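>>> I would like the atomic coordinates for the input below:
(chains A and B)
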Protein chains: 2
Amino acid sequence: MEETQIGVVLTGAGAVGFALLNVVERSFTSLRVVAVGDSRGFVVNHPGFSWPQVHEILQHKASGNTITSWDLADGTERAEALLPLVEDLAHAESKVFGNYIVVDCTSSQATAPALLRAKQCGFGVVMANKLPLSLTTEVYNNLVFDAAGTRSPLVQYEATVGAGLPVVNTLKRIVASRDRIISVQGSFSGTIGYVLAEMNGGKTFSEALNAAHALGITEPDPRDDLSGADVARKMVILARELGFETETTSVEIEKLLPDAFLTLPVPVFLSKISELDPAAAVNHNASRLAYLGTITSTGALSIALEIVPRTSVFANTSSTENAMEVLTQWFPEPLVLRGTGAGIHSTAAALAADLAQIAAAFARC
Amino acid sequence: MEETQIGVVLTGAGAVGFALLNVVERSFTSLRVVAVGDSRGFVVNHPGFSWPQVHEILQHKASGNTITSWDLADGTERAEALLPLVEDLAHAESKVFGNYIVVDCTSSQATAPALLRAKQCGFGVVMANKLPLSLTTEVYNNLVFDAAGTRSPLVQYEATVGAGLPVVNTLKRIVASRDRIISVQGSFSGTIGYVLAEMNGGKTFSEALNAAHALGITEPDPRDDLSGADVARKMVILARELGFETETTSVEIEKLLPDAFLTLPVPVFLSKISELDPAAAVNHNASRLAYLGTITSTGALSIALEIVPRTSVFANTSSTENAMEVLTQWFPEPLVLRGTGAGIHSTAAALAADLAQIAAAFARC
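A predicted model of the protein is given here:
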């Protein structure tokens, strides 16, 4: 059977996007790359870029240039932003392919309107970007559900929580089975995971945090990670999957830092964190530290630094490992999922599986 | 939006089928039960049984009667077997609903031709029954793939391995992502899991096996379980999911019993098993017993009793817990799935999620 070609738009051309395009080139014969862009704009080729061109563009970007400064070849053009690009692709004259999939690898909430428009146009949407789905319930609902109120098979976002671990899809199946959730608990933080893994290995809090900062694992201001905002977004997405109406503002977050540390300039903050070491110390013979998000049976969300026994699935996770434990009426022994839940390849794996699912849905209907 | 009604045919009306119908009654407003049957035959109602009728039939069966001896109400009839029933439902005059789903909760390979015919008719097929999918590669391929060579969304069988644990769907996503499998290892046995859990708790092999036999957890001849044939079927299904062409005859099974024990009459066998206790003993301070199936990167399949460290995910699983560990190119820290992988509710949960998936696929196309 002849494969129907599908056009792909990649926004957010960082390491994950590059890894994904390598998989697409090798294995997805039905996909053609139509546009690649970053926050400054896109380069577009309506019949699809050749793979040598895609490599040239990615090389250009990887060398420190913006995507849009790439020297346009014949038949390629520029687009300023995702929304007009989507409108353009949906327009009959420029619509070379029957279907398009927009892949969002940015970490910006600015893509939300364009993703909604893409979905309205009947395009597929794949997200590694957590921001759109953790905005208001209304944005989430409009992105995730179709007109009939069922989850659209054309919008996929497994990479938003736990990267390649099938966290979202496992919860989707539990919900579909009409089982009753008792609790969901998860360890889903990259940076905090690194710090705690080092502490579980014997380092003090300040040693671990300084090492993470020096390695570039944290944000320039490590407090952006330590705030728990990233984990809060993931927990909101999972709670919404379970059918709870909730917002990021209603997540109860245990602060990892005393208030006095929140307003210091970064260098002062870094020079003072060893003061926090005694409070952060833990008895390593019996227990481990884990930064856990919890969803209760009523949909209450909280995030806290918890001391877990060494036998817990949350003990001894490495910096790139995530874990989730789900208790339900029919799973009285918790359903446990654990593995590489961060990093380029695990994230690209989730995106690739989502792309495949949407391509299959297009092929069928 | 008006829901399109779908007719359900349940074959194998045991505890799992009953649990599933309870979920359907409570939560699946688009499904009507059209036929219920066991190995002796079916009772059929073309416009769909009322829920009180379904309860009457199940009650009748649970009281020790065959399904077909149920006193037929107005408009109900009998069918001898699944294949003619499927033909009848596919026939225009008796086709009340636009779509049908056949749910196979038997443990018989005799259903395979009828399931293939149901799929040909465009019906959905949901299996808890492992037998059809572990027959020849040809039967598997005809059941699982559609004409275009892609996996049909209308044939689902998560319950065949690990009951409600999303074992099959997790492997499907890994395959779809084009990741490369390094190894899959799993603990998927109910009866052997019970015996090993008791041994891990300190009992001898013979004490554990005798207890399981007395409780009715084993087959009347416990060697039917100890043969590993059940686990072999599950491993073949998983290997086929990964794209390997394999048959149950090519699984290398470590026998749990010496040859001399295989041909004894059951009572003699049971009286002699304490002779095996010394060989089966394990040092519980450092290690645990697990009966593990393994798939290598080349698709070689083996099943063996292994001594695992206490830190292994396969240590300390309870009798109803299953576990799987997948190593891939992109998951160098293994992807681990663990939880209730046996029992009525976990199995019914998998069937219900599969039903929901097929109903959604019908609704879209």
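
>>> sec struct for residue A:148, please.
Following DSSP: H, G, I helix; E, B strand; the rest coil, the label given to residue A:148 is coil.

>>> how about it, phi and psi?
When read as degrees, to the nearest 10, the backbone of residue A:148 gives phi -80, psi 0.

>>> isn't it right next to residue B:363, touching?
Yes - between residue A:148 and residue B:363 there is a contact under C-beta atoms under 8 Å: 7.3 Å. Quick note: C-beta positions are derived from backbone N, CA and C, even for glycine.

>>> among these two, which residue is more densely surrounded?
Between residue A:148 and residue B:363, counting by other C-beta atoms under 10 Å in any protein chain shown, residue B:363 is the more crowded of the two (15 against 11).

>>> contacting residues around the nearest residue to the more buried one once chain neighbours are set aside?
Nearest residue to residue B:363, sequence neighbours excluded (C-beta to C-beta, 6 or more residues apart in numbering or on different chains): residue B:4, at 6.5 Å. Residue B:4 makes contact with B:30, B:97-99, B:362-363, according to C-beta atoms under 8 Å, 6 or more residues apart in numbering or on different chains.

>>> hmm, try it at 7 Å
With contact set as C-beta atoms under 7 Å, 6 or more residues apart in numbering or on different chains, residue B:4 has these partners: B:30, B:98, B:362-363.

>>> I'd assumed it was in a strand, is it?
No - in this structure, residue B:4 is coil, not part of a strand, as judged by three-state DSSP.

>>> chain B contacts on the stretch 101-250 of chain A?
With C-beta under 7 Å from any C-beta of the partner chain as the criterion, the stretch 101-250 of chain A meets chain B at residues A:148, A:150, A:153, A:164-166, A:169-170, A:173, A:176-179.

>>> between these, which has the most around it?
Tallying neighbours with other C-beta under 10 Å puts residue A:165 at the head of those, with 32 neighbours.

>>> doesn't that one lie inside a helix?
No - read with three-state DSSP, residue A:165 is coil and lies in no helix.

>>> enumerate every residue touching it.
Residue A:165 neighbours (C-beta under 7 Å, 6+ apart): A:322, A:337, A:339, A:341, B:335.

>>> save those residues as CSV, and put in pLDDT too.
Shown next, in CSV, are the contacts of residue A:165 (pLDDT from 0 to 100):
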residue, pLDDT
A:322, 95
A:337, 98
A:339, 96
A:341, 92
B:335, 97
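
>>> residue A:59: which of those residues is nearest?
residue A:341 (29.4 Å; C-beta to C-beta).

>>> that closest one - nearest residue in space that isn't next to it in sequence?
That would be residue A:322: by C-beta to C-beta, 6+ apart, it lies 2.5 Å from residue A:341.

>>> starting at the chain centroid, how far to the helix or strand hosting the one you found?
Element membership for residue A:322, per DSSP states H and E: strand A:321-328. Strand A:321-328 has its C-alpha centroid displaced from the chain centroid by 17 Å (C-alpha atoms, centre = their mean, to the nearest Å).

>>> sheet partners, orientation included, of it?
If you go by DSSP bridges, strand A:321-328 pairs up with strand A:181-187 (antiparallel), strand A:335-340 (antiparallel).

>>> make a markdown table out of these and add distance to residue A:129 and mean neighbour count.
Output for those, formatted as a markdown table (distance: least, C-beta to C-beta, whole Å; neighbours: other C-beta atoms under 10 Å in any protein chain shown):
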| stretch | distance to residue A:129 | mean neighbour count |
| --- | --- | --- |
| strand A:181-187 | 19 | 22 |
| strand A:335-340 | 19 | 25 |
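
>>> can you redo these as CSV with distance to residue B:352?
Below are the strands paired with strand A:321-328 laid out as CSV (distance: least, C-beta to C-beta, whole Å):
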stretch, distance to residue B:352
strand A:181-187, 15
strand A:335-340, 15
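
>>> against chain B, how distant is residue A:229?
Going from residue A:229 to chain B by C-beta to the nearest C-beta, to the nearest Å gives 25 Å.

>>> and for that residue, the neighbour number?
Using other C-beta under 10 Å: residue A:229 sits among 14 other residues.

>>> mind checking pLDDT for it?
If you check residue A:229, the pLDDT there is 90.

>>> the one 10 residues further on now?
pLDDT for residue A:239: 98.

>>> separation between the residue nearest to residue A:341 and residue A:134?
17 Å (C-beta to C-beta, to the nearest Å).

>>> which of these two has more neighbours?
More crowded of residue A:322 and residue A:134, by other C-beta under 10 Å: residue A:322, with 27 against 24.

>>> I'd say the more buried one and residue A:185 touch.
No - Residue A:322 is beyond contact range of residue A:185, at 11.8 Å (criterion: C-beta atoms under 7 Å).

>>> any idea which helix or strand in chain A has the lowest mean pLDDT?
Within chain A, judged by mean pLDDT, DSSP states H and E, the helix or strand with the poorest mean is helix A:277-280; its value is a mean of 80.

>>> which positions in that one come out as buried?
A:277, A:280 (16 or more other C-beta atoms under 10 Å in any protein chain shown).

>>> helices or strands next to the helix or strand that comes right after that helix in the packing?
Toward the C-terminal end, the helix or strand that comes next after helix A:277-280 (DSSP H and E) is strand A:287-296. When contacts are defined as 3 or more C-beta pairs under 7 Å, 6 or more residues apart in numbering or on different chains; DSSP states H and E, strand A:287-296 sits against strand A:181-187, helix A:190-200, helix A:229-241, strand A:301-309.

>>> reformat those as TSV; add distance to residue B:331.
As requested, the helices and strands packed on strand A:287-296 are exported to TSV (distance: least, C-beta to C-beta, whole Å):
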stretch	distance to residue B:331
strand A:181-187	17
helix A:190-200	16
helix A:229-241	19
strand A:301-309	23
